[in-house]
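Peer 1: Sharing a sequence plus its predicted fold:
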Amino acid sequence: MLDKYSNNDVTTTNSIEDDSAKNSGHCLEDSSWLLHPTSGYVPRGSLCGIIGPSGAGKTTFLNSLGGATVHVTGTIYYEDGGEEQQPSQKKMMRLSQQNGDIAYLSQHDNFFAMLSPRETLELAAKLQNAEIDNNKELVERKLSSLGLLHVADRRIGDRTRLDGGGGGGGFGLRRANKRVGGASSGLSGGERRRLSVALELMTEPKIFLADEPTTGLASSQAGKVVKLISKLAKERNIPSICTMHQPTSSIWKMLDQFILLAPGGKMCYAGNRNDATAYFKEIGYECPHDTNPAEWYIDLVTIDTDDLVQGTKDVARINFLHHRFLESCTSFHVDNEQVCLDKEQLAISSKNAGTGNRKVHSISRTLQRFGALFQRSLRQNIRNTRVLILRLGAAVLQAKLFASIFKSVRHDKSLTKSIADRVALLTYGCINLSIMALMKTLELFAKERGVVLREQMRSTYSSLEYLLAKVFAEIPLDASFALIFASVLKKLTGLRSSMGTLMKTYCLMTVSSVSLGFAIGSLASSPETAMALGVPVLVILMVVGVINPSGVSTDEPPNRVMEWIKMFSPIKWAIEALVTAEFRGMTFDKDRDFWGNLKELPRMGGLAMVRDGDEVLDALGLGTANYDEIMNNLAKLSGVFLLFSWLGLAFGGPKFQQT
C-alpha cells in the first residue's frame, strides 16, 4: 500500500503479501496479497474514511499505517512544512507511536473500570507528559472539549456487567444505563468513546487513526463521534483516517476524503469525496440518485460468493476499477529525488526516535511512572468492594467448612486417627487459596491487557515498572485474605502449628500463586489463552503437589519428569512446609491399643502404626524435610515466576514497527 499525507501530511509506501507465496520464488498470485501496492493522498485537517466490504483489509491497512503490523514493507513519511513552502523546503520525518506521533483509536474501548474519566486522564498525563507542570489544566481542557465534565468523577464501569459495571458496594442487579448520579452507574457507550478519543489526544499527534469508531453505538451517537473526530482534525490541522463498516448518509457527508478497498486490499479509489461521483461516472459506473453513495461504492467492490457466475463478473469489475485507479494515481508518488535528499535526515530521525519527548532513563521519571501505575492498580483493586466482600466471605466460610468436615483435628487431643485429617485439612487450605489467587490474577490480567497494549504501543512505561506496580499493589491485598483464612482456621481447629506459621506459609503460597498468574498472563498471547491455560496448569501443579495421606511407597523410583514438574508447584512446597511444621516433634495421645491400630490398617495404611509425628513424616517421605528450607524454596519459586513475568512482558508482547 502507499499512502501520502502532505503539508503536515504523511507519505507511506507499504505492501503486505502472503509469506508462503513470497518465499516460493514464483510470481505472486493475486490472492497472495493482503494489501496491494497503491497510492493515496489525504491533506491535513481533513477526515478520511476507509470503506469496503468485510475482508477487504480495512483494519490491516490502518494497522500498517499505525505501525501495528509487523510483516509490512514500506514507510510512512510525515511532511512537516506549510503550504507556502516548496517541496524541497519541507522536512520528511518518520512517524512513531512510541513518540506519540500517531494517535490510534482501537475498535473497542479499554479502561480500568474502577477509575473515573478524570482519574484516567490524570494518570495518562502523568505517564505521557511528565515534563508538563499543568497536567490538571490539560485534563480539564480535554474533559471540557469532549463533553465529559458532567461524568468526570463517575466510575467508568464495565459494559459487560449487568449492573453497568460500577462495581460499587451492595449486591443485586441494576439496569445498565440507569443514571443515579453516583459513581457506580458507569459511562454510556458514547461517553466511553469520547473518553477513548481524549486518551489518544493527551499527546500532540501528527495523525489520528480510528478503527471503526462507531462500533456498538446508535446512529445518533455514531454521528456525534464522527463529527467530533472531524472537528478535532480541523482544529489540530492533522489528517484523520477512520475505517467504517457501513457509514450512514449523515456520516458520509461528514467525510472530506475516502478510500475504497476491495477484497485483497485492492484500492479502487482514494481522494476527495465530492470528486468520486464524477470519477466513477467517467469510467462507466454512475451512482444512482436517492442512493447512499457509501453503500453503492461498497456494493461496487463486493464479490458474490453464492453465485459463481456473478462472482466472476464481480472479480473482473474489481480488477478493472483497481487498475484504472493505479493508472490515475501516479501523481501521488513521492519524488524519488526528494526522498534521496532526505535519506540522511530520515536516518537521524530514526536513530533518535527512541528519545522522543520522554526521558525514559531518568530515575525521577521512573519513580513517577511507578507511582502512577501503583496508584491505578491499587484503586482498581480496593474499589471493587463487591469482589472484596465476596473474597472475605469465602475465606471465612471455607475455613469454617473445613473445620466442620475434619472434626478429628481437636484442640484437646492429638490422635493418630487425625493424621489423615490433618494432612487433608492443610492440603485443602493450600488448594483453596491457590485457586482463588491464581484465577483472580488471570482475570485482572485479561481485563487490563487492552489498556496495557495501548500503552505499550506508545512505550509509556517499561515492563518492569508495570510488573512492580502490580506486585506492590495486588500481592499485599491477596495475602491479607490468606491471613484471614489462616487465623480463622487456627481458631476453629486443633492444628498444632502456631498462628504465625500458618499465616506465613499460606501468605507466601498466595504470593507464589499470584506470581504464577502474572507469568501465565504475560506469556500468553491473548486473554483467552491465559484463562484457558490457567486451569490445566493449576490442575497439574495441584495433582503433583498433593501428598498421599496413606504414605509414600519407596519400592519404585520417582519419575524424573514428575519430580521436575513438582519443583514448580507452589501447592507442593506449601503443603510440605505445613505438614512438616505440624508433625515435627509431635506426640500422640493413646486413643487405641495395638489391636486397635491393626483394625485401622485398611483405612490408614502404614500410618496406623506410627508412634509420633516424626514417624509420620518418614512415612510421608518428609523425614529429612526442614521447614525453613522449604519456605526458602517457595520464596525462590515466587522470584522465578516474577522473572518469567517480566520476560513475558518485555519480550513476548506485540511488536510495533516505526513507520
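Peer 2: That came through, no problem.
Peer 1: My reading is that residue 285 is in a helix; is that accurate?
Peer 2: No: Residue 285 is assigned coil when assessed by DSSP: H, G, I helix; E, B strand; the rest coil, not a helix.
Peer 1: Leaving out sequence neighbours, find the closest residue to it.
Peer 2: Closest residue to residue 285 apart from its sequence neighbours, by C-beta to C-beta, 6 or more residues apart in numbering: residue 300 at 6.2 Å. Using the backbone N, CA and C atoms, a C-beta is placed for each residue, glycine as well.
Peer 1: so what's the one you found scoring on pLDDT?
Peer 2: Looking at residue 300, its pLDDT reads 93.
Peer 1: what's around it, how many residues?
Peer 2: 20 (other C-beta atoms under 10 Å).
Peer 1: swap in residue 404?
Peer 2: Residue 404: 10 surrounding residues under other C-beta under 10 Å.
Peer 1: Please apply the same query to the one 5 residues further on.
Peer 2: Burial of residue 409, expressed as a neighbour count using other C-beta under 10 Å, amounts to 25.
Peer 1: Let me know whether my guess that it is in a helix holds.
Peer 2: No: going by three-state DSSP, the assignment for residue 409 is coil, not a helix.
Peer 1: Could you list the low-pLDDT ranges of this protein?
Peer 2: Residues of the chain that meet the criterion pLDDT under 70 lie in 1-34, 38-40, 68-99, 129-133, 159-185, 329-361, 411-417, 549-556, 589-611, 653-659.
Peer 1: Go ahead and produce PDB holding the CA coordinates of the helix or strand containing residue 279.
Peer 2: Assigned by DSSP states H and E, residue 279 falls within helix 273-282. Taking Å, rounded to 0.1, in the frame of the first residue of the first chain, the C-alpha atoms of helix 273-282 are listed here in PDB:
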ATOM      1  CA  ARG A 273     -15.400  12.600  -1.600                       C
ATOM      2  CA  ASN A 274     -17.000  15.200  -3.800                       C
ATOM      3  CA  ASP A 275     -14.900  14.200  -6.800                       C
ATOM      4  CA  ALA A 276     -15.800  10.500  -6.600                       C
ATOM      5  CA  THR A 277     -19.100  10.700  -8.400                       C
ATOM      6  CA  ALA A 278     -17.600  12.300 -11.500                       C
ATOM      7  CA  TYR A 279     -14.600   9.800 -11.400                       C
ATOM      8  CA  PHE A 280     -16.800   6.700 -11.300                       C
ATOM      9  CA  LYS A 281     -19.200   8.200 -13.900                       C
ATOM     10  CA  GLU A 282     -16.300   8.800 -16.200                       C
END
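Peer 1: residues of the helix or strand that it is followed by that come out buried?
Peer 2: Using DSSP H and E, the helix or strand that follows helix 273-282 in sequence is helix 293-300. Within helix 293-300, the residues that count as buried by 16 or more other C-beta atoms under 10 Å are 293-295, 297-298, 300.
Peer 1: So what's the gap between helix 293-300 and the chain middle?
Peer 2: Relative to its parent chain, helix 293-300 has a centroid offset of 35 Å by C-alpha atoms, centre = their mean, to the nearest Å.
Peer 1: Quick check: chain neighbours aside, which residue is closest to residue 519?
Peer 2: residue 644 (4.1 Å).
Peer 1: who's in contact with residue 233?
Peer 2: Counting by C-beta atoms under 8 Å, 6 or more residues apart in numbering, residue 233 makes contact with 45-47, 208, 239-240.
Peer 1: what's the closest of these to residue 368?
Peer 2: residue 208 (27.1 Å; C-beta to C-beta).
Peer 1: three-state assignment of that closest one?
Peer 2: Relying on three-state DSSP, one would call residue 208 strand.
Peer 1: Am I right that it is in contact with residue 234?
Peer 2: No: with contact defined as C-beta atoms under 8 Å, residue 208 and residue 234 do not form a contacting pair (11.2 Å).
Peer 1: between these two, which one's more packed in?
Peer 2: residue 208 (22 against 15).
Peer 1: The more buried one pairs with what?
Peer 2: Beta-bridge partners recorded for residue 208 (DSSP bridges): residue 103, residue 240.
Peer 1: Please report the distance of it from residue 240.
Peer 2: 4 Å (C-beta to C-beta, to the nearest Å).
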